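1. with the sequence up front, the predicted model follows.
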Amino acid sequence: MDRLKEHFASKIPSAVAEVKQFIAEHGHEVVGEITIAQLYQGMRGMLALICETSKLDPEEGIRFRGYSIPELQQKLPVFPGGAEPMPEGLFYLMLMNELPTEDDTRRMSNQWARRAIVPMHVFRTIDALPTTAHPMTQFVVGITASRTESEFAKAYASGISKNEYWSYTYEDSMNLIARLPRIAAYIYRRTYCDGLHIEPDPKLDWAGNFAHMLGFDSEEFRELMRLYMTIHADHEGGNVSAHTVKLVGSALSDSYQSFAAGMNGLAGPLHGLANQEVMVWTLSMLEELGTQTPSKQQISAYCQRTLAEGKVIPGFGHAVLRKTDPRYMAQREFALKHMPEDPLFLVISTIYEVVPEILLATGKVKNPWPNVDAHSGQLLMYYGLKEYDFYTVLFGVSRSLGVLANLIWDRTLAFPLERPGSSTTALLKKKYEKE
Ligand code: CMX
């Protein structure tokens, strides 16, 4: 067993005992009430899941194992010469529940580099799709094709004990995380770069190598990828992608199957596809207005039109957050540091000044503030990654870190099959209209 896995294994007995004891002592306590409205309205605010890796506070935003994004920027190891946190370190933190040293982070990087070989049939399966297939479709196909490598599936078929589930889920999750940048870069290069692929550079870290394989080799873009891969990694357990991975994994579907399912959820426009939608919306606005420097009044009028057409303004609002997303602020700070005069950054900044007031005035939007997706496209565009259809794939590569760290914990803590109850409107009416 490698040192990282051994270290994780050493944490299992106490973590399992702690949860068992907690359930034994407090399992009967009530954590909240469920209203009929919540059943019809996306279960908002219903505490229903355990997610060990992060917690989202409506006012403050995400904390990964207790650490906010600004804290992670201070505490996680950086690539030599860089300033942004390395996603390897964040994964270590989420998995082990302890801050990594530089050595731990380097070890994680080395592990992923060693596991990164993608079997040829995965590329051939993606190649069977037309290059016009949406990159998220190609991504899901690539992940699903990779499932031939599942060690969990093989071990399960040969009849393993429940106590070993975590070990094979760990192997699958580490392998999948290691391979995702290669799969994603392959999709990018076949779709937009005439299939001219770039070999990995073993000297680089996970995010830096991803940037390299995409074809963007400036140190600044690598830094952006490190930050991007860190801030998109996890957003507690109830968002569509995270919850889907957890739900599908609860059937003992392996990491590949569970993650592919989650990525189909991330591909929805109200979730991860919003980063693409933001660019579509913003660029259409600039084109229609015939200017790269729209005034507040022009943006405001365009927003009113979007709302009048019964559409959402992408990149704004959130099901849980009630303040500007700290992930938005981290990206804004990156832009202020590296490209404060970029015309598109100035447009994104003006949109930020204009939209919240308009959404508030509708009287129904609970959170008028920007989320992570309102900013990411501008940063990518600046460095020349302009194919916004691809943006959700970047989100997906990052999201693997949180959801797969969680999946390992789910199998470690032996969480059972998810199976909530449901009702019908007729049955609810019969019960509650009588009272
Ligand atoms: N533009 C216009 N209307 C919006 C809106 C926005 N940005 N955000 C919310 N609303 C509307 C809702 O559509 C809803 O309208 P109806 O009552 O007519 O159905 C009403 O305001 C109340 O919604 P809410 O309770 O404030 O928000 P929800 O929890 O239902 O939805 C979200 C959250 C993210 C789906 C919604 O804010 C939205 O559609 N935003 C735009 C898409 C987006 O940026 N998604 C990315 C989220 C982050 C991520 O997952 O990546």
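-> Received the coordinates, thanks. Quick caveat: nothing in here was measured; it's all calculated off a predicted structure.
2. tell me the residues of the chain that contact the ligand?
-> Applying Cβ under 6 Å from any ligand atom, we find that the chain lies next to the ligand at 239, 270-272, 274, 307, 312-319, 359, 364-367, 371-373. (C-beta placed from N, C-alpha, C; glycine too.)
3. nearest to the ligand: which residue in the chain?
-> Nearest residue of the chain to the ligand: G317, at 2.1 Å (Cβ to the nearest ligand atom).
4. phi first, then psi, for the closest residue to that residue other than its chain neighbours.
-> Spatial nearest neighbour of G317, excluding adjacent residues (Cβ to Cβ, 6 or more residues apart in numbering): N367 at 5.2 Å. Main-chain torsions, N367, degrees, to the nearest 10: phi -130, psi 110.
5. the protein: strands as residue ranges?
-> 54-57, 61-64, 67-68 (DSSP state E).
6. could those strands go into CSV alongside distance to A128?
-> Formatted as CSV, these follow (distance: least, Cβ to Cβ, whole Å):
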stretch, distance to A128
strand 54-57, 36
strand 61-64, 38
strand 67-68, 43
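7. make TSV out of those strands and add mean neighbour count.
-> What follows is the strands of the chain, written out as TSV (neighbours: other Cβ atoms under 10 Å):
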stretch	mean neighbour count
strand 54-57	18
strand 61-64	23
strand 67-68	16
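8. can I get these in a markdown table including mean pLDDT?
-> Shown next, in a markdown table, are the strands of the chain (pLDDT from 0 to 100):
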| stretch | mean pLDDT |
| --- | --- |
| strand 54-57 | 98 |
| strand 61-64 | 98 |
| strand 67-68 | 98 |
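9. which helices and strands sit right next to the helix or strand bottoming out on mean pLDDT in the chain?
-> Among the helical and strand segments of the chain, the one scoring lowest on mean pLDDT, DSSP states H and E is helix 425-434, with a mean of 94. On a contact count with 3 or more Cβ pairs under 8 Å, 6 or more residues apart in numbering; DSSP states H and E, helix 425-434 meets helix 36-40.
10. same for the helix it packs on, what does it pack against?
-> Helices and strands touching helix 36-40, by 3+ Cβ pairs under 8 Å, 6+ apart, are helix 425-434.
11. what does the helix it packs on rub up against?
-> The contact list for helix 425-434 (Cβ atoms under 8 Å, 6 or more residues apart in numbering) reads I36, L39.
12. what does stretch 196-208 give?
-> 79, 86-88, 109, 112-113, 116, 177-178, 181-182, 185-186, 189-190, 209, 212-215, 222, 225-226, 228-229.
13. for the residue lying closest to R332 once chain neighbours are set aside, give me its contacts.
-> Leaving aside its chain neighbours, R332 sits nearest to H375 (6.1 Å; criterion: Cβ to Cβ, 6+ apart). By Cβ under 8 Å, 6+ apart, H375 lies in contact with G315, Y328, Q331, R332, A335, I348.
14. count of residues packed around the second one?
-> Going back to what we said before, that points to Y328. The tally of other residues near Y328 (other Cβ atoms under 10 Å) stands at 25.
15. and the helices in the stretch 201-350 of the chain?
-> Ranges of helices in the stretch 201-350 of the chain, per DSSP state H, counting those that start in this stretch, are 206-214, 219-231, 240-249, 255-266, 274-289, 296-308, 326-338, 343-361.
16. now do the shortest one, average pLDDT.
-> Within the predicted structure, the mean pLDDT of helix 206-214 is 98.
17. just the buried residues of that helix, please?
-> The neighbour-count check on helix 206-214 (16 or more other Cβ atoms under 10 Å) flags W206, A207, G208, N209, F210, A211, H212, M213, L214 as buried.
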